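K.L.:
How does the following fold in three dimensions:
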Amino acid sequence: MFEKIAEFFRNLFSGILGGGSEKPKPGTFGKPTSTFESDELPEAEPSFPQDAPELDQDTASTIVVVSEEEPVVLEPGDDPAVVITPEEETKPTEPEVVVDPVIETPPVVEEPVIETPPVVETPKHKARYMWCLDNGHGKLTAGKRSPKFEDGKQFLEYEFNRDIVKRIIEQLEKKGVKYFNVVPEVNTDNFLEGRVGRANKLKSSLPKIFLSIHANAFGRSGWEPPSGIETWFYHNSRSGRALARIFQKHLISKTGWKNRKLKSYPGKKQFYVLRNTKMPAVLTENGFYTNKEEARLLLKSSVRQKIADAHVLAIMEIEKNGF
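P.N.:
Numbering: from 1, shown residues only. Purely as a prediction, here's the structure:
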């Protein structure tokens, strides 16, 4: 009898304190707000894909592919930095005409004037967002590297991701754009909970955007034919899709590579960094390092600079116009 009474009160208080299995309520930007505190993020499920190369054949069949040319209709609250206000009406006023008395003055002998070019000051950029720049994976992450070339060289994704972020940061600092380097460390693994936790806990007076940078792969071993660039967003996020459109547009324009469109995956197995960040988030897959020709290109500094420049162009467009 005592155990039944105790069980009754446990169930009662569990319901009151929110201990049930209720799904998280939708939050801003069309994605669920985590029910966990920033330092109590859910553990990454090893069987869940964390980026495009980890999708299996069955999962790949349910991927939703969208063209970046398709418009996205944002609703109020999707972009907190865009505030639409009615234009203020102002009545034109006629200038007052003042007639000065005519005073005769002796002629002035003007000295030759040496013209100097005017000093044009570059207007300072007013930061609009806080960009959380995430370089995917780490040195301790298993795999995430190309087959070896004949000369022994090998593409390492963690190194590529960090190099792209470094190149982006160099430009953002000059332009006055606010950013946060989510994982400056190198000797780490996927560090998924840490990435998301750092971004979520970051205090900022500006709206935050999470940008995760990766390179793609296909197959288990050896060189494979797939190539091109794709950008991923959280499936239910209109803001995420709007952001992805802008990044994909500039990446394809700058590189000229195959356009693999915008992608999302419906269901609970969406990528960890997209489903657990409390802000609009996108993940770019910048070429395939399992494609021999593309892997060679990804090792070139000039190609990496193009990819970094494309990200910066997208960032600056969003800084100027929102998304």
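K.L.:
Does anything pack onto the host helix or strand of Arg195? Which helices or strands?
P.N.:
Element membership for Arg195 (DSSP states H and E) is helix 192-201. Using 3 or more C-beta pairs under 8 Å, 6 or more residues apart in numbering; DSSP states H and E, the elements in contact with helix 192-201 are strand 130-135, strand 208-216, helix 272-276. Bear in mind the C-beta positions are built from the backbone N, C-alpha and C, glycine included.
K.L.:
Parallel or antiparallel, list what pairs with the first one.
P.N.:
What it means is strand 130-135. Strand 130-135 has the following strand partners under DSSP bridges: strand 178-181 (parallel), strand 208-216 (parallel).
K.L.:
could you point out which element follows that strand?
P.N.:
helix 157-175.
K.L.:
as a whole number, average confidence for stretch 224-242?
P.N.:
Average pLDDT, stretch 224-242: 95.
K.L.:
buried set for that stretch?
P.N.:
The neighbour-count criterion (16 or more other C-beta atoms under 10 Å) identifies 227-242 as the buried residues of stretch 224-242.
K.L.:
Show me the shaky parts of the stretch 101-250 of the chain.
P.N.:
101-123 (pLDDT under 70).
K.L.:
what helices or strands is whichever helix in the chain runs longest leaning on?
P.N.:
Assignment by DSSP state H gives helix 301-321 as the longest helix of the chain. Here helix 301-321 touches helix 157-175, strand 208-216, helix 238-255, strand 281-288, going by 3+ C-beta pairs under 8 Å, 6+ apart.
K.L.:
Now it: buried residues?
P.N.:
303-304, 306-316, 318-319.
K.L.:
Run the angle between the helix holding Arg195 and strand 281-288 for me.
P.N.:
130 degrees (axes from the mean of the first three to the mean of the last three C-alpha atoms, to 10 degrees).
K.L.:
buried ones in helix 192-201?
P.N.:
Leu192, Glu193, Gly194, Arg195, Val196, Gly197, Arg198, Ala199, Asn200.
K.L.:
Identify the residues contacting the fifth one.
P.N.:
Applying C-beta atoms under 8 Å, 6 or more residues apart in numbering, one finds that Val196 lies in contact with Leu41, Tyr272, Val273, Asn276, Thr277.
K.L.:
Which member of the residues you listed is positioned nearest Ala215?
P.N.:
Val273 (15.4 Å; C-beta to C-beta).
K.L.:
so how many other residues sit close to the residue nearest to that closest one when sequence neighbours are not counted?
P.N.:
Excluding the flanking residues, the one nearest Val273 by C-beta to C-beta, 6 or more residues apart in numbering is Ser212, at 5.2 Å. As a burial measure, Ser212 scores 27 neighbours (other C-beta atoms under 10 Å).
K.L.:
cool, and Pro147?
P.N.:
15.
K.L.:
hang on, it packs against Glu224?
P.N.:
No. In this structure, Pro147 is not within contact of Glu224 by C-beta atoms under 8 Å, at 9.5 Å.
K.L.:
Now do the shared contacts for the two.
P.N.:
By C-beta under 8 Å, 6+ apart, the residues touching both Pro147 and Glu224 are Thr290.
K.L.:
re earlier: nearest to Glu70 among the buried residues of helix 301-321?
P.N.:
Using C-beta to C-beta, the buried residues of helix 301-321 come closest to Glu70 at Ala314, 17.1 Å.
K.L.:
ok, back up a step: what about the helices and strands packed on helix 192-201, which gets the closest to Lys292?
P.N.:
Nearest to Lys292, of the helices and strands packed on helix 192-201 and by C-beta to C-beta, is strand 208-216 at 13.9 Å.
K.L.:
hmm, back to that, out of the contacts of Val196, who's the most crowded?
P.N.:
Val273 (27 neighbours).
K.L.:
follow-up on the earlier one: switch the helices and strands packed on helix 192-201 over to TSV; also include distance to Phe247.
P.N.:
Shown next, in TSV, are the helices and strands packed on helix 192-201 (distance: least, C-beta to C-beta, whole Å):
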stretch	distance to Phe247
strand 130-135	12
strand 208-216	8
helix 272-276	14
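K.L.:
nearest to Val182, of the ones you listed?
P.N.:
If we rank the helices and strands packed on helix 192-201 by C-beta to C-beta, the stretch that ends up nearest is strand 130-135, at 4.4 Å.
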